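Asker: show me how the following folds:
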Amino acid sequence: MKNAYLMMPLGVLFCVVFISAAMAQDWPQWRGPERTGAIAGGVKLIEAVPDTGLTELWKSEPIVDVGGQESTVGFSSPIAAGGCVYLYLNQKVKDESPFRLTWGLLNRLGCFDILPPEELTAKMEAARTSRERMVLKSDAIPAWANDWIVRNLTHAQYVTVGARIEDRLIRGAEAISLTTLNQLEALKDKPYTQREELEKALADTGLEQERITGIITELTANRKRALDVIFCFNAETGKTIWKKEYPGALFEYGTSSTPAIVGDHIYVSGGKMIYCLNIKDGSEIWQVPCPAKEVSSSPIVADGMLLIQAGALCGLDASTGKLRWTRPEFKGIHASPTIWRKDGRAYAVQNIGLVDLQTGNLMWCVGGGGGDASPVVADDVLVSCSPIGIIHGYRLAADKPQEIWQLPGYSPLPSTPILFQGHLYATKAQGGPLFCADLATGKIVWTSPDKGFGTSAFNTESCILVDGKVFIDNHGAKGEYYLTMVRANPDKFELVGKGKIVTGNLRSSTPTIADGRLFIRGKDALTCYDLRAK
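Answerer: Below is the predicted model:
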């Protein structure tokens, strides 16, 4: 049988692997076997989360540097195939280089790269020091901040500066002044060989001594460099089967690309390189430089081509890693491309256009798309989320698309919708409701009566659908992780279960479900829970 697979053309092998994956309920890539966020049929799952929580089957070995605290960066999601679970990490390890104020540290102090408009900045500053804010108890502050954002920001403002404003509102009067933050930003990445040099530079910004001491302490204890680390775990026991490490690149949020498996190969986009490894033992098949930095787009492999959004849409030869073509019309590093097949041809689909998979020829390009959410294709319909809050539905064709509907204000950015059996399921951003829409017409058929399903400004998780249920992960103010289950019923909203299952999980990493097991990436380990019906 092994020799027969080796003799198959890669395009045929792709189809065989994905058919087998669907039968085995594997989750071999970002957004599942068909890139729609859903798996139909398979293992019967529980109907409600027990009051005592889900049964923990196992927790992996630590996935952080020994002695480190939250030393991984990036928010890639686990994938599962063939009885194994795979996880890529952009991992931090200790570094003995000169002291530097990295963007990640500055960001934790309150610096952001995009400033709100002047008028909005003034309102934000007044709100964070207001008596209304000062009298709040700590557990009420996140909800207050979210309500303020909903009342005062447009959706476009939320997408661009929502995280900055939420951060300052939560910090309240303890936030560093904007003047001092601007001076701190000017020190970004400057090398200081002596601690005293850095202390003086910080003092010159007007920063208080207590904060200076905290910064020096953090830099002394936690200077880091990055590694690209790929794990392979046994899906039943959690035992590590193999682990590979490569020199990585240190970024503010890290690289958050989720790997893809086709046949015996796993494809991983890291901090500096793109890797192709053998899934059985992690042996390297090839590695090539990644065309862009801090890429969080997840690769997809079809018909001998690897697609990834890395500054431009890139097509690589899946067998060698050689770059075959690029399409600069497609910008960004976050949205993940998908595949559309029609009349015997395969096309690469990105948010705003269509490209011939083999030649890289641009078939068409339209406006309105191009956000961080990934495009989704089903039944010849493309769903694309724009960065200004609109979901677009297009009828696909090789020559040009036909826009068939729009949903203004419903975009789940930066999350990605689910397409399942002729319907779209998604959560509105800013802690909004869950909703269901008819895929053919865009008509909203129901909206959940309660909010709180959508992600906040700091989260990027996407909901998934397995066994006819939509699974949504929500976060409490104290780091609790809630799993919510809603039946994928186009006739009505039907909540079937919600419960707290873990504390201290990693925000922004989407959960994975395969063969009735739920895989959650935590801050220090990968945890597996039992979802199978008894």
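Asker: which residues in the stretch 351-500 of the chain form strands?
Answerer: Under the criterion DSSP state E, counting those that start in this stretch, the stretch 351-500 of the chain contains strands at 353-356, 362-365, 376-378, 381-385, 390-395, 402-408, 418-420, 423-427, 434-438, 444-447, 464-466, 469-475, 480-487, 495-503.
Asker: for Pro291, find the nearest of these.
Answerer: Nearest to Pro291 among these is strand 353-356; the distance by C-beta to C-beta comes to 15.5 Å. Every residue, glycine included, has its C-beta placed from N, CA and C.
Asker: quick one: strands adjacent to that closest one?
Answerer: Here strand 353-356 has these sheet partners by DSSP bridges: strand 345-350 (antiparallel), strand 362-365 (antiparallel).
Asker: coming back round to it: between the strands of the stretch 351-500 of the chain, which gets nearest to Gly74?
Answerer: Set against Gly74 and scored by C-beta to C-beta, these come closest in strand 469-475, at 17.5 Å.
Asker: any weak-confidence spans in the stretch 151-300 of the chain?
Answerer: Filtered on pLDDT under 70, the stretch 151-300 of the chain yields the residue ranges 221-223, 252.
Asker: can you give me the neighbour number for the closest residue to Leu57 other than its chain neighbours?
Answerer: Setting aside the residues directly before and after it, Leu57 is nearest to Cys528 in space (C-beta to C-beta, 6 or more residues apart in numbering), at 4.5 Å. Counted with other C-beta atoms under 10 Å, residues neighbouring Cys528 total 26.
Asker: pretty sure Cys528 sits against Arg517.
Answerer: Yes - at 5.4 Å, Cys528 and Arg517 qualify as touching, with contact defined as C-beta atoms under 8 Å.
Asker: elements contacting the helix or strand containing Asp228?
Answerer: Secondary-structure assignment from DSSP states H and E places Asp228 in strand 224-234. For strand 224-234, the packing partners by 3 or more C-beta pairs under 8 Å, 6 or more residues apart in numbering; DSSP states H and E come out as strand 84-94, strand 240-247, strand 265-269, strand 273-278.
Asker: out of those, nearest to Gly409?
Answerer: Closest approach to Gly409 among these (C-beta to C-beta): strand 265-269, 32.3 Å.
Asker: what does that closest one contact?
Answerer: For strand 265-269, contacts defined as C-beta atoms under 8 Å, 6 or more residues apart in numbering pick out 86, 88, 228, 230, 255, 257, 259-261, 274-279, 285, 290, 295, 297-299, 301, 306, 308, 310, 318.
Asker: compute the first-to-last residue distance for stretch 274-282.
Answerer: Distance between the two ends of stretch 274-282: 14 Å, counting by C-alpha to C-alpha, to the nearest Å.
Asker: so what touches that stretch?
Answerer: Here stretch 274-282 has contacts from 81-82, 84, 86, 228, 230, 232, 242-244, 246, 261, 264-268, 283-290, 299, 306, 308, 316, 318, 321, using C-beta under 8 Å, 6+ apart.
Asker: buried sites along that stretch?
Answerer: For stretch 274-282, a neighbour-count test (16 or more other C-beta atoms under 10 Å) marks Ile274, Tyr275, Cys276, Leu277, Ile279, Gly282 as buried.
Asker: what's the answer for stretch 493-500, then?
Answerer: Phe493, Val496, Gly497, Gly499.
Asker: out of all of them, which helix in the protein is the longest?
Answerer: Looking across the chain with DSSP state H, the single longest helix is helix 155-171.
Asker: can you give me the angle that helix makes with strand 390-395?
Answerer: Relative orientation of helix 155-171 versus strand 390-395 (axes from the mean of the first three to the mean of the last three C-alpha atoms, to 10 degrees): 140 degrees.
Asker: which ones are touching Ser297?
Answerer: So Ser297 contacts Ser257, Ser269, Ile308, Gln309, Ala310, Gly332, Ile333, His334, Ala335, Ser336, Pro337 (C-beta under 8 Å, 6+ apart).
Asker: the third one is in contact with Cys314, isn't it?
Answerer: Going back to what we said before, that points to Ile308. Yes - distance between Ile308 and Cys314: 5.5 Å, which falls inside the contact criterion (C-beta under 8 Å).
Asker: give me the pLDDT for Ser508.
Answerer: Per-residue pLDDT puts Ser508 at 72.
Asker: skipping its backbone neighbours, what lies nearest it in space?
Answerer: Closest residue in space to Ser508, ignoring its immediate chain neighbours: Phe75 at 4.0 Å, by C-beta to C-beta, 6+ apart.
Asker: in three-state terms, label that neighbour for me.
Answerer: Assigned with DSSP: H, G, I helix; E, B strand; the rest coil, Phe75 falls in the coil class.
Asker: please point out which parts of stretch 189-207 sit buried.
Answerer: Across stretch 189-207, burial judged by 16+ other C-beta under 10 Å covers Tyr192, Leu198, Glu199, Ala201, Leu202, Thr205, Leu207.
Asker: end to end on it, go ahead and measure it.
Answerer: Terminal residues of stretch 189-207 lie 18 Å apart, using C-alpha to C-alpha.
Asker: if we can go back for a sec, just the buried members of the contacts of stretch 274-282?
Answerer: Buried subset of the contacts of stretch 274-282 (neighbour count, 16+ other C-beta under 10 Å): 81-82, 84, 86, 228, 230, 232, 242, 244, 246, 261, 264-268, 285-288, 290, 299, 306, 308, 316, 318, 321.
Asker: where does the record place the domain boundaries for this protein?
Answerer: 2-93+224-530, 103-219 (automatic domain parsing).
Asker: can you tell me the element the closest residue to Glu132 other than its chain neighbours falls in?
Answerer: Among residues not flanking Glu132 along the chain, Trp144 sits closest, at 7.8 Å (C-beta to C-beta, 6+ apart). Under the criterion of DSSP H and E, Trp144 resides in helix 141-152.
Asker: now stretch 438-457 - C-alpha only, CSV.
Answerer: Only the C-alpha atoms of stretch 438-457 are listed here, as CSV (Å, rounded to 0.1, in the frame of the first residue of the first chain):
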residue,chain,number,x,y,z
ASP,A,438,-28.4,31.7,4.3
LEU,A,439,-25.4,31.1,2.1
ALA,A,440,-27.3,31.6,-1.2
THR,A,441,-29.0,34.9,-0.2
GLY,A,442,-27.1,36.3,2.7
LYS,A,443,-30.4,36.6,4.7
ILE,A,444,-29.9,36.4,8.4
VAL,A,445,-32.1,33.6,9.6
TRP,A,446,-31.4,34.0,13.3
THR,A,447,-29.3,35.8,15.8
SER,A,448,-28.5,34.6,19.3
PRO,A,449,-30.5,36.5,22.0
ASP,A,450,-27.3,37.0,24.0
LYS,A,451,-24.1,38.7,23.2
GLY,A,452,-20.7,37.6,24.4
PHE,A,453,-19.9,35.1,21.6
GLY,A,454,-17.7,37.3,19.5
THR,A,455,-14.0,37.9,20.2
SER,A,456,-12.7,41.0,22.0
ALA,A,457,-10.0,43.3,20.7
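Asker: and that stretch, average pLDDT?
Answerer: Averaged across stretch 438-457, pLDDT comes to 81.
Asker: swap in stretch 39-59?
Answerer: Stretch 39-59 shows a mean pLDDT of 86 in the predicted model.
Asker: that stretch: how far from the chain's middle?
Answerer: The chain centroid and the centroid of stretch 39-59 are separated by 23 Å under C-alpha atoms, centre = their mean, to the nearest Å.
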